[in-house]
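A.B. asks: Please work out how this folds:
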Amino acid sequence: MSKLQTVHFKNGLTVYLYTDKRRHSTFFQFNTFCGGLSKHFFYDGKEISLPDGVAHILEHYIVECNKEGNFLEKLGQKQMSTNASTSPFATSYYFEAIEDIPYGIQTMLQGIYHVSFTEENLAKIKKPILQEVRGKLDNKFYHANRMRMDQLFHSIDFRDVGGTLEEIQGTTLEELETLYRAFYQPNNQFIVVAGNFDLKEVLSLIEDFYDSISIEKHTVEIIPYQEEKTVAKKKGSFSFPTPLTYAELSFKIDISSYTPSALLDLDFYMHSFYSSSFGTTSPLYQEFVDQKIVFDGIHYGDVKLENYLILSIGAYTSNPKRFREGVLEEIQSLKHLDSDKFLLDQKDSIVNLVLRDESIFHMIIPFIHNIIIYHYPYLDKIEDIEKLNDTDYQKMIRSIDFSHFTYFEILSPKK
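C.D. replies: Alright, predicted model coming up:
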């Protein structure tokens, strides 16, 4: 029977082990709470302020510039599915494999903890990252994201994980090494192992590895943002080649009072709210289509950033003014919180939760997401969805303060 176990090492590292002998493969992911938002902190008493992009550069640097060489390539040569990624909150390195699990763990840990910092290596790493950012400059939504962040926040200066060309070019070896020494500490990290593996062997391997290395200890204190609940700017626009004007409303919602459990409930309730209010079967969408205001659907979604949930609703539109008015009317009235639609969404989520069990990757990723986003090591269960109800749904959505929002338009350049 599948079972989740938690092991806390003396050095502060936490290891989560989910054994499932029905599987053929094993999934291993190393995570460190070092992401795009890891910009302002005290490091051994010294105040550090970094530009955007440093955590992402560090991810690439660690993968390629260590005693193992490019450890993702080495694991790939063993037919392992492997990758690394940086989010605003954390950096993760993972592999999924059927064989050679001890080799994969040893290779990945050796690479992460034996990094060689040189100017030559940094110059080499920057080149593909600069190319990656240059590629984004032709995407209007890259610029839209930066405008959204500029208009939403007063003191939060994070704009995106990748950084700008200037920020990448200006990143120094000292900044990179400081970020590594500060945040790549066992007490700031966790490992997840899931699937068909020998639990005792894996635990012993991880423990022996950490016993074999020496890690400098540093005092690190995050400097919290003093962010206002209001938005920094109510309206903006920019020109970019676009077939139609793209209009977007973004709402800044304070979620600092929510418990981790309540945030998981909110995540589900927001999904139902979006589909009821702005989905293809919603009255507002049908009205916009009938009046030829919207042609390509209403785009919606949210992201958590510090103590705020950022809800964005946008569309290509022939009538930006009416689109804006219609969305605000829907948000302010909340007149389409459909009970029947809620029950359908609930049933659909239960089915998806059941089907998630087919893949060890898709089963364990939401658990990792809960740790990284909510600092809540919780494995979702069917009962968690079943306990949700229309009364609480209506109450939670109606309790949200939607009064702080910003608006922008992407306009086609005048000929």
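A.B. asks: Please make it C-alpha for all contacts and neighbour counts, starting now.
C.D. replies: Will do.
A.B. asks: And for residue 104, the neighbour number?
C.D. replies: 24 (other C-alpha atoms under 10 Å).
A.B. asks: ok, now which ones touch it?
C.D. replies: 75, 95 (C-alpha atoms under 8 Å, 6 or more residues apart in numbering).
A.B. asks: before we move on, what SS does it have?
C.D. replies: Of the three states, residue 104 takes helix under DSSP: H, G, I helix; E, B strand; the rest coil.
A.B. asks: Which pLDDT does the model give it?
C.D. replies: If you check residue 104, the pLDDT there is 98.
A.B. asks: how about the strands of this protein, start to end?
C.D. replies: 3-8, 14-19, 26-32, 40-43, 46-49, 81-86, 91-97, 189-195, 220-222, 235-239, 245-254, 299-305, 308-317, 405-411 (DSSP state E).
A.B. asks: Between these, which one is closest to residue 291.
C.D. replies: strand 308-317 (10.8 Å; C-alpha to C-alpha).
A.B. asks: just the angle between the closest one and strand 245-254, please?
C.D. replies: 160 degrees (axes from the mean of the first three to the mean of the last three C-alpha atoms, to 10 degrees).
A.B. asks: helices or strands up against strand 308-317?
C.D. replies: strand 245-254, strand 299-305 (3 or more C-alpha pairs under 8 Å, 6 or more residues apart in numbering; DSSP states H and E).
A.B. asks: try 10 Å
C.D. replies: Using 3 or more C-alpha pairs under 10 Å, 6 or more residues apart in numbering; DSSP states H and E as the contact criterion, the elements in contact with strand 308-317 are helix 140-152, strand 245-254, helix 260-278, strand 299-305, helix 320-333, strand 405-411.
A.B. asks: and it with strand 299-305, angle?
C.D. replies: 160 degrees.
A.B. asks: got the angle between strand 308-317 and helix 140-152?
C.D. replies: Going by the same axes, to 10 degrees, strand 308-317 makes 130 degrees with helix 140-152.
A.B. asks: what's the spacing between strand 308-317 and its chain's center?
C.D. replies: 17 Å (C-alpha atoms, centre = their mean, to the nearest Å).
A.B. asks: How about stretch 299-316?
C.D. replies: Taking mean C-alpha positions (C-alpha atoms, centre = their mean), stretch 299-316 and its chain are 13 Å apart.
A.B. asks: Convert that stretch to CSV, retaining C-alpha atoms only.
C.D. replies: Listed in CSV are the C-alpha atoms of stretch 299-316, where the atom choice follows Å, rounded to 0.1, in the frame of the first residue of the first chain:
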residue,chain,number,x,y,z
HIS,A,299,-8.4,34.4,-20.7
TYR,A,300,-8.3,34.1,-16.9
GLY,A,301,-6.0,32.8,-14.2
ASP,A,302,-4.2,33.6,-11.0
VAL,A,303,-0.8,33.5,-9.4
LYS,A,304,0.2,33.8,-5.7
LEU,A,305,2.9,36.3,-5.0
GLU,A,306,4.0,37.0,-1.4
ASN,A,307,0.7,37.7,0.5
TYR,A,308,-1.3,38.4,-2.6
LEU,A,309,-3.3,36.5,-5.1
ILE,A,310,-3.2,38.2,-8.5
LEU,A,311,-6.3,37.4,-10.6
SER,A,312,-6.1,38.4,-14.3
ILE,A,313,-8.9,38.5,-16.8
GLY,A,314,-8.2,39.5,-20.4
ALA,A,315,-9.3,39.1,-24.0
TYR,A,316,-8.8,40.3,-27.6
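A.B. asks: Geometric centre of the chain: which residue is closest?
C.D. replies: When C-alpha atoms, centre = their mean is applied to the chain, the residue found nearest the centroid is residue 87 (4.8 Å).
A.B. asks: State the pLDDT value of that one.
C.D. replies: Looking at residue 87, the pLDDT reads 98.
A.B. asks: got it, and residue 372?
C.D. replies: pLDDT, residue 372: 97.
A.B. asks: Can you report how many residues neighbour the closest residue in space to residue 377 that isn't next to it in sequence?
C.D. replies: Residue nearest to residue 377 in three dimensions, not counting chain neighbours: residue 371, with 4.9 Å by C-alpha to C-alpha, 6 or more residues apart in numbering. Neighbourhood size, residue 371 [other C-alpha under 10 Å]: 17.
A.B. asks: now for the helices and strands packed on strand 308-317, which one comes closest to residue 171?
C.D. replies: Nearest to residue 171 among those is helix 140-152; the distance by C-alpha to C-alpha comes to 19.8 Å.
A.B. asks: Same question for that closest one: list its buried residues.
C.D. replies: For helix 140-152, the neighbour count (16 or more other C-alpha atoms under 10 Å) marks 140, 144, 147-152 as buried.
A.B. asks: In contact with the residue nearest to residue 119 when sequence neighbours are not counted: list those residues for me.
C.D. replies: Spatially, and ignoring its direct neighbours in sequence, residue 119 is nearest to residue 173 (6.4 Å; C-alpha to C-alpha, 6+ apart). Applying C-alpha atoms under 10 Å, 6 or more residues apart in numbering, we find residue 173 in contact with 58, 117-123, 179.
A.B. asks: what do you get for residue 351?
C.D. replies: With C-alpha under 10 Å, 6+ apart, residue 351 has these contacts: 345, 382.
A.B. asks: For residue 114, see how far away it is.
C.D. replies: Residue 351 sits 44 Å away from residue 114, going by C-alpha to C-alpha, to the nearest Å.
A.B. asks: Residue 46 now?
C.D. replies: Taking C-alpha to C-alpha, one finds residue 46 at 25 Å from residue 114.
A.B. asks: Could you do residue 210 as well?
C.D. replies: 12 Å.
A.B. asks: Name the residue in residue 46 and residue 114 with the higher neighbour count.
C.D. replies: More neighbours surround residue 114 than the other of residue 46 and residue 114, with 14 against 11 (other C-alpha under 10 Å).
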